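Student: Sharing a sequence plus its predicted fold:
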Amino acid sequence: MKLATALQKVGYGIVVVSVFLVPLFWLPVTSEFYEFNKNALLIFSSLSLLVLWAVTSIVDRQVRIVRSPLSLPLLALVVVWLASAILRSPNRVEAFLNPGQAGTWLALGLFYLTSLNFIRTKKEVDGVVYALLGSLSILAVVTLAWSSNIINKIIPSLPGYLSSELWNPSGSLFTAALGLASGLPLVIWLLVKQKSRQLTSALLAFSLLAISVGAGASVYRLANPLTAAGRAAFLPVSTGWGIALEALKASPVIGSGPATFLFDFTRFRPITFNLTPNWALRFVTSSNYYLELLATLGAAGLAAYLFLISRTYKLLIKTAKLPHNTTAMAAGLAAATCFLLQLVFPINLVLLVLTLVYLIIMIASLKQLGTSIVHEANIDIVATGSTSNSPLLPWTILVLSVGFAAAMAYLGGRAYWAEVLYQKALVAAAQNDGQKTYNTLIAAIGTNPYLDTYRVTYSRTNLLLANSLATNPNLNDQDRTVISQLVQQAIREAKNAVALNPLKVTSVENLAVVYRNLLSFAQGADAWTVASYRQAIALDPVNPNLRIALGGVFYSQKSWDEAIRFFQSAVDLKPDLANAHYNLSAAYREKGDLAPAVTALQNALQLVDKSTSDYDKVVKELADLQAKAGPAAAKPEAQNANPSELTTPEPLPTPAVKPPLQLDQSLSPEAPATPSSQP
């Protein structure tokens, strides 16, 4: 049985390395350095463990499965995630690829199932615990070094993002704070109950000190007014609750689908949200994890998660009655802490993985207490697993596992390589290398044609290249042909992005912006612009900025009444938005209604910060307007209520192409789009 032992050691090694790396792992080769790569690591580890478990079943001639009180709720949770992703998500690829979504939960389920089979002794349980504490201790030291700016004094020439005091390998200081906070109950309980060697106690004491100081440093830095820009913005609980209830009305059982909270937010947030400081932000996560589950996975998803929490709580109560329960209790308390943190804050991948790791440690520790002791406390854990004398079952599991792992590795590998290509395109764009940006984006789309983000960036790249060529005052026929091709590609890819995610307002807004940039390029672009903005407003009905943008299109067409209607709608949606009043005044002024123009400009003046150039600008324009309008009400005293940048209601400046390009009707927003892998 040497081969079986070797396979078990390899599997255990993968578990330990994965647990150690997840909080710290990051790679600057993808467009998102942190959670995307942590998620990829988790999926790779889970697939590797799955194949090893299947091979071990062949060698052992039995299928070994550890059954615990948490197995059923975890299975139910994974099933709900998969069902919701397949049946409800408008973009299933995004639902599986995005960190923390269906793919992550499938990987977590596999990691839980397989890792328990490779952790077989108390020494191995301790190894997982110390790997986790070592990782959190390193994270704490790194957090302290960067947040206190010590690292810049030691290494003054750190490149780019690494020189920021807010940098953290977990992804953010907020993520680090939650991860370190979750580890405190684990290390405190182990240290208090530790009865072994002095060296172990010393290591635990160091870990406690490091984690405590690291957590404190991250919280202090986040609370510091000087680093307010680096703080996470949170959706108010009342807003998150209202959005969840509205989403439940649309799909009460399995929600709107994984990775769809942005859609729920834009469609269902109340108008009162416009009175909050973060009114202009679009949130992709809810106020806390439970409200997000309720909105995206419906009643079934929340019930499955509460089922897991209930089982964990009952298991923790029973564990407290067992002798020699130190590690199991410590891990159970840490898991309970994670559940509490998720009740207060939005979820992140590190905290989600740590929650499952604590549960794995808890179950693995209980296995070591002995079957009789465990059953005495009415805890159903089968440590020896289920066996089968049939030679077909292990081979069947091997074939299914290898087939599944190979398929997931192929699809996941393509998705990862597409992200690498996309990052290369972004770097090329930052270096102003248009040709490399263009070609690399084509390669990224060809590798993974199902993400709207790539399509949006490609559409903007085509538009920028068309704008650049159109600046030439002496255009020949070849130039016009190239510009026409670029314009058509910009529109097609913007439409493809909408087709891939029709409920995503950012993709629809991008299509509207593309059309708007073509107002001086092509005939009919104005009608298409209006249609796209109307579609965006339907998806984000209480957003005043969309009304201002559409009003600006009508303003450019000299349709003053329509412009006034949309600017007034923006004012109604957010009365304290200076730019809405300013645009409304401009439309009234151009129409010739000077009295309401003066009133709107006075309202804008009350909302503009006196210390900005916008204030002087409005004062001058108001004086000119009052002179034209005759006697008017006295100028009100300005209030420093809501500083706002004022923009004139005009379309974005673009170089004109004469005569205008003729665009095919297939490029209209109403024409269906069928995204292909080759743009």
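Tutor: Looks like it came in fine.

Student: Thought Thr143 was touching Asn168, still the case?
Tutor: Yes: using C-beta atoms under 8 Å, Asn168 makes contact with Thr143 at a distance of 5.8 Å. In this view, the C-beta of every residue, glycine as well, is placed from N, C-alpha and C.

Student: intersection of neighbour lists for the two?
Tutor: Common contacts of Asn168 and Thr143 (C-beta atoms under 8 Å, 6 or more residues apart in numbering): 176, 218.

Student: Could you state which residue of this protein sits nearest its centroid?
Tutor: Val284 (5.9 Å; C-alpha atoms, centre = their mean).

Student: Name the SS class of that one, please.
Tutor: coil (DSSP: H, G, I helix; E, B strand; the rest coil).

Student: which residues does it contact?
Tutor: Contacts of Val284 by C-beta under 8 Å, 6+ apart are 261-262, 265.

Student: For those, pick the one with the most neighbours.
Tutor: Phe261 (26 neighbours; other C-beta atoms under 10 Å).

Student: Any chance of the backbone angles for Ser71?
Tutor: phi -60, psi -50 (degrees, to the nearest 10).

Student: While we're on Ala638, how confident is the model there?
Tutor: As predicted, Ala638 sits at a pLDDT of 41.

Student: ok so, going back, give me the subset of the contacts of Val284 that lies in helices.
Tutor: 261-262, 265 (DSSP state H).

Student: List every C-alpha atom in stretch 96-115, with coordinates, as PDB.
Tutor: Only the C-alpha atoms of stretch 96-115 are listed here, as PDB (Å, rounded to 0.1, in the frame of the first residue of the first chain):
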ATOM      1  CA  PHE A  96     -19.300  30.500 -13.000                       C
ATOM      2  CA  LEU A  97     -16.100  32.500 -13.500                       C
ATOM      3  CA  ASN A  98     -16.600  35.400 -11.100                       C
ATOM      4  CA  PRO A  99     -15.000  34.900  -7.700                       C
ATOM      5  CA  GLY A 100     -17.400  33.900  -5.000                       C
ATOM      6  CA  GLN A 101     -20.100  32.700  -7.400                       C
ATOM      7  CA  ALA A 102     -21.200  29.300  -8.600                       C
ATOM      8  CA  GLY A 103     -17.800  28.100  -9.700                       C
ATOM      9  CA  THR A 104     -16.300  29.000  -6.400                       C
ATOM     10  CA  TRP A 105     -19.000  27.200  -4.400                       C
ATOM     11  CA  LEU A 106     -18.600  24.100  -6.600                       C
ATOM     12  CA  ALA A 107     -14.800  24.200  -5.900                       C
ATOM     13  CA  LEU A 108     -15.400  24.700  -2.200                       C
ATOM     14  CA  GLY A 109     -17.800  21.700  -2.100                       C
ATOM     15  CA  LEU A 110     -15.200  19.500  -3.800                       C
ATOM     16  CA  PHE A 111     -12.400  20.900  -1.600                       C
ATOM     17  CA  TYR A 112     -14.500  20.000   1.500                       C
ATOM     18  CA  LEU A 113     -15.400  16.500   0.300                       C
ATOM     19  CA  THR A 114     -11.900  15.500  -0.800                       C
ATOM     20  CA  SER A 115      -9.700  17.300   1.800                       C
END
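
Student: Looking at it now, give me its mean pLDDT.
Tutor: 95.

Student: before we move on, what about stretch 129-137?
Tutor: 95.

Student: just how off-centre is that stretch within its chain?
Tutor: Stretch 129-137 sits 26 Å away from the centroid of its parent chain (C-alpha atoms, centre = their mean, to the nearest Å).

Student: same question, stretch 550-565
Tutor: In terms of C-alpha atoms, centre = their mean, the centre of stretch 550-565 is set 35 Å apart from its chain centre.

Student: what about Leu594, distance to Ser585?
Tutor: Leu594 is 10 Å from Ser585, where distance means C-beta to C-beta, to the nearest Å.

Student: what do the two both touch?
Tutor: Leu625.

Student: Looking at the two, which has the bigger crowd around it?
Tutor: Per other C-beta under 10 Å, whichever of Leu594 and Ser585 has more neighbours is Ser585, with 28 against 17.

Student: Quick one: name whatever helix or strand follows the helix or strand containing that one.
Tutor: Assigned by DSSP states H and E, Ser585 belongs to helix 578-591. Proceeding N to C from helix 578-591, the next assigned helix or strand is helix 594-607, under DSSP H and E.

Student: What is that next one packed up against?
Tutor: helix 578-591, helix 613-629 (3 or more C-beta pairs under 8 Å, 6 or more residues apart in numbering; DSSP states H and E).

Student: Do you have the helices of the stretch 351-500 of the chain handy? List them.
Tutor: Ranges of helices in the stretch 351-500 of the chain, per DSSP state H, counting those that start in this stretch, are 371-376, 392-430, 434-447, 452-470, 477-500.

Student: What helices and strands are in contact with the second one?
Tutor: What it means is helix 392-430. Judged by 3+ C-beta pairs under 8 Å, 6+ apart, helix 392-430 is in contact with helix 35-60, helix 434-447, helix 452-470.

Student: ok and it relative to helix 35-60, angle-wise?
Tutor: With axes from the mean of the first three to the mean of the last three C-alpha atoms, to 10 degrees defining the directions, helix 392-430 sits at 160 degrees from helix 35-60.

Student: Same question for helix 392-430: list its buried residues.
Tutor: If you call a residue buried by 16 or more other C-beta atoms under 10 Å, then helix 392-430 has these buried ones: 393-394, 397-398, 401, 405, 408, 412, 415-416, 418-426, 428-429.

Student: For the nearest residue to Leu49 once chain neighbours are set aside, list the residues it contacts.
Tutor: Excluding the flanking residues, the one nearest Leu49 by C-beta to C-beta, 6 or more residues apart in numbering is Thr114, at 3.8 Å. Shown in contact with Thr114 (C-beta under 8 Å, 6+ apart): 11, 46, 49-50, 52-53.
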